[in-house]
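S.K.: after the sequence you'll find the predicted model.
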Amino acid sequence: MTPITELIHHPYQAPDGFAAPQIGIHKASTVIFPNVAAMRQRDWKHKTGYTYGLHGTPTSFVLEERIAALEGGKQCVLVPSGLAAIICTDLALLAAGDELLLPHNVYGARLGFTQEELQRFGIVTKFYDAMDAGDLAAKLSPQTKLVWLEAPGSVTMEFPDLPALVRLCREKGVLTALDNTWGAGLAFCAFDLDGQGLGVDISIQALTKYPSGGGDVLMGSIVTRDEALHQTIKLSHMRLGYGVAANDCELVLRSLPSIDIRYKAADQSARQLAAWLATRPEVEAVLHPAMQGAPGHANWQNLCQKQPLAGMKYAPNAMNSVVIGQAHTGLSAGLFSIVLLEKYSQPQVDAFVDAMKLFKIGYSWGGHLSLAVPYDISSMRDPNISHWPYRGGLVRFSIGFESAEDLQADMEQALGKALR
Ligand SMILES: *Cc1c(COP(=O)(O)O)cnc(C)c1O
């Protein structure tokens, strides 16, 4: 069975005589024990029993199992946001004196924690060039405890050579954690990057994005394949007091069976719009990993078009793909950025975003509504690792489920109005 079918047919224990398609929503802080001996015996860490709402409910356990299965992992911990998944992983694994390595184009909202809290706790953060395995090799030191990876980079969309980066860390015995929000467990398997079982140690996701898909839930997941590593993270998670609400789990469980078709629909429209934008005279560059010439395009091809997903016997480019023209091609999400020509001022770039009517202005992505945000790249990068060849303004798009024709017309009228 393919993972997406397994996801839909994932087993759960329905109450006797009531086998509805959706699982029950169990809400609890208190869980009542039949007697003191039972209370003393219960073990929440191995999911053999329930002790307290914070440690999990039948609802959260099922969501954890489904996210782990979707990613090709074995265990999962749920946290209240994608950012919390990153922070919880850091706190579980790092100690004073350790070094943390982050890609130069890392998800920006995690930097505050790194530069304030982690620094205060005596943990040193260094940045490596995600597009240069040699740079990572040079920066791995005996103090390096954890290397974060992201594919593609947030906002700027460069796609790294993930297998090469992970291999380097493996050789040095350094733990790897991937922010897999973009791939969502669909575009590639984080735990099998080369078809031979080379994988990251930890894969986190902002379930806020595609798994929720509604723009109305905040949640994160931390997936592993190693029981001891999972227990380390799980214990930190418990001590930190991170819990997720049953109603939020319900929303993600409701959306999850359609994640594959939603992802593909957004991908298909995004590629159509990216290809059209590449023909526009106002646009200097389209940053979309599936586009010829985009930074790291060959790495995207190797990972998302050629490698089979874990446990799949068929060729991924026949099944886990969108069809563009006549060709099946791997997956690439509904997210991309453009850089406008340098001659357009920031107020003009902003006016372009303001002039779009269907594209709403707002953070996050992966929902039904198309979104656009202008970003100031100069404030987002490690100044020592830049190779940013553009000087014009950048706009990032998240493509939703409106018709691609309507979205194109909206972009076209806004370009005409704001960038004359
Ligand atoms: C959105 C996002 C996060 C954080 O998710 P939240 O639920 O908003 O905290 C982390 N990483 C990436 C790549 C994201 O896009």
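M.R.: Sure, I can see it.

S.K.: per-domain residue ranges of the chain.
M.R.: The domain map for the chain lists 12-256, 257-418, with the assignment taken from automatic domain parsing.

S.K.: end to end, how far does the longest one reach?
M.R.: Yep, that's domain 12-256 we're talking about. End-to-end span of domain 12-256 (Cα to Cα, to the nearest Å): 15 Å.

S.K.: ok, the shortest one next?
M.R.: Between the start and the finish of domain 257-418 there is a gap of 40 Å, counting by Cα to Cα.

S.K.: could you do stretch 368-385 as well?
M.R.: Stretch 368-385: ends 35 Å apart by Cα to Cα.

S.K.: and if you look at stretch 109-122?
M.R.: First-to-last residue span, stretch 109-122, Cα to Cα: 20 Å.

S.K.: of all the residues in that stretch, which ones are buried?
M.R.: R110, F113, T114, L118 (16 or more other Cβ atoms under 10 Å). Heads up, the C-betas are built off the backbone N, CA and C, glycines and all.

S.K.: ok, which pair from those residues is furthest apart?
M.R.: In the buried residues of stretch 109-122, the most distant members under the criterion Cβ to Cβ are R110 and L118, with 9.9 Å between them.

S.K.: residue contacts, the residue of the chain found nearest the ligand?
M.R.: With Cβ to the nearest ligand atom, the shortest gap between the chain and the ligand falls at G82, namely 2.2 Å. By Cβ atoms under 8 Å, 6 or more residues apart in numbering, the contact list for G82 reads D179, T181, I204, Q205, A206, L207, T208, K209, L218, M219, G220.

S.K.: what residues are up against the fifth one?
M.R.: What that stands for is A206. S81, G82, L83, A85, T181, M219, G220.

S.K.: any idea of the mean pLDDT for stretch 67-82?
M.R.: Mean pLDDT, stretch 67-82: 95.

S.K.: about what we covered before: just give the nearest non-adjacent residue to the residue of the chain closest to the ligand, would you?
M.R.: A206 (2.5 Å; Cβ to Cβ, 6 or more residues apart in numbering).

S.K.: swap in E250?
M.R.: Using Cβ to Cβ, 6+ apart, the nearest residue to E250 is I25, at 4.7 Å.

S.K.: that neighbour: neighbour count?
M.R.: 15 (other Cβ atoms under 10 Å).

S.K.: just L165 next, same as before
M.R.: L165 - counted by other Cβ under 10 Å - has 27 other residues nearby.

S.K.: might you report the residue contacts of it?
M.R.: L165 touches A130, A133, L136, V147, L149, T176, counting by Cβ under 8 Å, 6+ apart.

S.K.: can you give me the buried ones in whichever strand or helix holds it?
M.R.: L165 is part of helix 162-172 when elements are defined by DSSP states H and E. Neighbour-count burial for helix 162-172 flags L162, P163, A164, L165, V166, L168, C169 (criterion: 16+ other Cβ under 10 Å).

S.K.: enumerate the residues of this protein near the ligand.
M.R.: Contact residues, the chain versus the ligand (Cβ under 6 Å from any ligand atom): 81-83, 107, 154, 179, 181, 206, 208-209, 218, 220, 364.

S.K.: tell me the contacts of R170?
M.R.: T176, L198.

S.K.: and the angle from the helix or strand hosting L100 to helix 162-172?
M.R.: Per DSSP H and E: L100 is located in strand 99-103. If you take axes from the mean of the first three to the mean of the last three Cα atoms, to 10 degrees, strand 99-103 sits at 170 degrees to helix 162-172.

S.K.: and strand 99-103, C-alpha only, in CSV?
M.R.: The C-alpha atoms that make up strand 99-103 are tabulated as CSV, following Å, rounded to 0.1, in the frame of the first residue of the first chain:
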residue,chain,number,x,y,z
GLU,A,99,27.6,24.0,19.1
LEU,A,100,24.5,24.2,17.0
LEU,A,101,24.8,24.5,13.2
LEU,A,102,22.0,26.2,11.2
PRO,A,103,21.7,26.6,7.5
